[in-house]
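Undergrad: How does the following fold in three dimensions:
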Amino acid sequence: MRNNYVNAMEYWKGRVDSTDDYDTFRWHQWVQPIDLNEYDKKFEGPLGFAFIGFCSEQGVKRNKGRTGTALAPDFIRGQMSNLPCCFSQCVKLFDAGNILCDEIPMEEGQKLLAEAVSMILDLNLFPIVLGGGHETTFGHFTGQMVHCSGSEAADMGIINFDAHFDLRPYDNGSSSGSMFRQIADICDRRGIAYNYMPLGIQQHSNTVSLFKTADELGVDYVLAKDITTASYADLIEKIDSFLYRCNNAYITICTDVFSSAFAPGVSATQSFGLDPEVVMPVIKHILRTKKIRGFDICEISPRFDQDNTTANLGAVIIFAVVNTLCKLNGLQIIDFD
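TA: Predicted structure coming up:
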């Protein structure tokens, strides 16, 4: 992956209150570069995270969406830079750079991402993938499967916060709207369970055919309207029931799940999307099950963003992911919950 893999540390910059008082540190002062082409020593600390950017928008183009997602990883880094270090100093942040996809086929880029995710997991780090179009998650899934073996791979779960099923046919080529159909077919060929739970599905954004496909594949979906109107306890019960049959899982977020009031810079805006204040407690609950082994966030399109609102939303969600996992491991300095 050497030729399409570049360092991205230049995007980590921000305010500095002190160079030696850790209580004043922000993420840009703590993150370290890691070269996956050369680094082969396992991380031995209690908890480490590795960011990897997937600079792709080919899937969005094929899906007739609004382009611009290839620029998102660096905009997200910019918004993460000034986040405060609320975790112990034994927690480490690494940046594995970007995978550039502009001059290679999308499928080749996804293979490179799968390789990177598998390497990050082999190094005993938690992967946080910065998309890119939602085609990002196919590479993420493949990397998780490469790293897993036996029952771990057989019982992998996917929780997708998304307005769309992304279960479209791909006879004429894959896109940012076909990944979970591709994954279903992979599971079928391997004779393993297809554990897929999309949360935030919009009725007006999916055809009847897609709803029928979801039912045929046994997809455990939750409509956006049911997240906003149903009781929190009922929603959590459904999620827990899904995760009960999974040995492990990963979370993927398509930012078009959120209302355009909070996420204007996406490839497909949602006027009736979800409020992040509703979604955040759900993400934290899922993380507390201790079954999550990776996270990706996709479909942020900086060219349509307003004052970096959507990139900032992505950064704040990642902040919550990191701090929730730190708290689970007794490594959080300040308890926000």
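Undergrad: who touches the helix or strand harbouring residue 112?
TA: Assigned by DSSP states H and E, residue 112 belongs to helix 106-122. Counting contacts by CB atoms under 8 Å, 6 or more residues apart in numbering, the residues outside helix 106-122 that touch it are 1, 4-5, 36, 42, 50, 52, 54, 56, 58-59, 62, 96, 99, 101, 126-127, 129, 135-136, 138-140, 142-144, 146-147, 174, 293-294. (C-beta placed from N, C-alpha, C; glycine too.)
Undergrad: quick one: secondary structure of the residue nearest to residue 267 when sequence neighbours are not counted?
TA: Spatially, and ignoring its direct neighbours in sequence, residue 267 is nearest to residue 65 (3.7 Å; CB to CB, 6 or more residues apart in numbering). Using DSSP: H, G, I helix; E, B strand; the rest coil, the secondary structure recorded for residue 65 is coil.
Undergrad: number of nearby residues for residue 65?
TA: 22 (other CB atoms under 10 Å).
Undergrad: Okay, it and residue 328: tell me how far apart.
TA: In this structure, residue 65 and residue 328 are 35 Å apart, going by CB to CB, to the nearest Å.
Undergrad: for residue 245, same thing?
TA: The span separating residue 245 from residue 328 equals 22 Å under the rule CB to CB.
Undergrad: what's the answer for residue 177, then?
TA: Taking CB to CB as the criterion, residue 177 is separated from residue 328 by 34 Å.
Undergrad: Neighbour count for the two, which is higher?
TA: Set side by side, residue 177 and residue 328 show unequal neighbour counts under other CB under 10 Å, the larger going to residue 177 at 25 against 16.
Undergrad: give the contact list for the more buried one.
TA: Applying CB under 8 Å, 6+ apart to residue 177 gives the contacts 59, 63, 134, 164, 166, 168.
Undergrad: so of those residues, which ones are in helices?
TA: Using DSSP state H, residue 59 are the members of the contacts of residue 177 that sit in helices.
Undergrad: Pull the most distant pair out of the contacts of residue 177.
TA: 59 and 164 (12.4 Å; CB to CB).
Undergrad: more neighbours, the two?
TA: Summary of the neighbour comparison: residue 59 and residue 164, criterion other CB under 10 Å, with residue 59 having more neighbours (33 against 25).
Undergrad: Just give the nearest non-adjacent residue to the more buried one, would you?
TA: Looking at residue 59 with CB to CB, 6+ apart, the closest residue is residue 135, at 3.0 Å.
Undergrad: Next, work out how far apart the one you found and residue 93 are.
TA: Applying CB to CB, the value for residue 135 to residue 93 is 26 Å.
Undergrad: The two: which is more packed in?
TA: More neighbours sit around residue 135 than around the other of residue 135 and residue 93, counting by other CB under 10 Å; the figures are 33 against 23.
Undergrad: What residues sit buried inside stretch 222-238?
TA: Within stretch 222-238, the residues scored as buried using 16 or more other CB atoms under 10 Å are 222-224, 227, 235, 238.
Undergrad: cool, stretch 60-68 as well?
TA: Residues of stretch 60-68 classed as buried by neighbour count (16+ other CB under 10 Å): 60-63, 65-66, 68.
Undergrad: any idea which element residue 124 lies in?
TA: With DSSP H and E as the test, residue 124 turns up in no helix or strand.
Undergrad: about what we covered before: restricted to helices, list the contacts of helix 106-122.
TA: Residues from those lying in helices, with DSSP H as the criterion: 58-59, 62, 136, 138-140, 142-144, 146-147.
Undergrad: Quick one: buried ones out of those residues?
TA: With burial judged by 16+ other CB under 10 Å, the buried subset of the ones in helices among the contacts of helix 106-122 is 58-59, 62, 136, 138-140, 142-144, 146-147.
Undergrad: And those, which is the shakiest by pLDDT?
TA: Between those, the one the model trusts least by pLDDT is residue 59, at 88.
Undergrad: and that residue, what does it touch?
TA: With CB under 8 Å, 6+ apart, residue 59 has these contacts: 106, 133-135, 174-177.
Undergrad: can I assume the residue nearest to residue 267 is in contact with residue 135?
TA: No. The pair residue 65 / residue 135 is not scored as a contact, 10.6 Å apart, by CB atoms under 8 Å.
Undergrad: Please enumerate the shared neighbours of those two.
TA: Counting by CB under 8 Å, 6+ apart, the shared contacts of residue 65 and residue 135 are residue 176.
Undergrad: And the contacts of residue 59, which is closest to residue 213?
TA: When the contacts of residue 59 are compared for distance to residue 213 (CB to CB), residue 177 comes out closest, at 12.0 Å.
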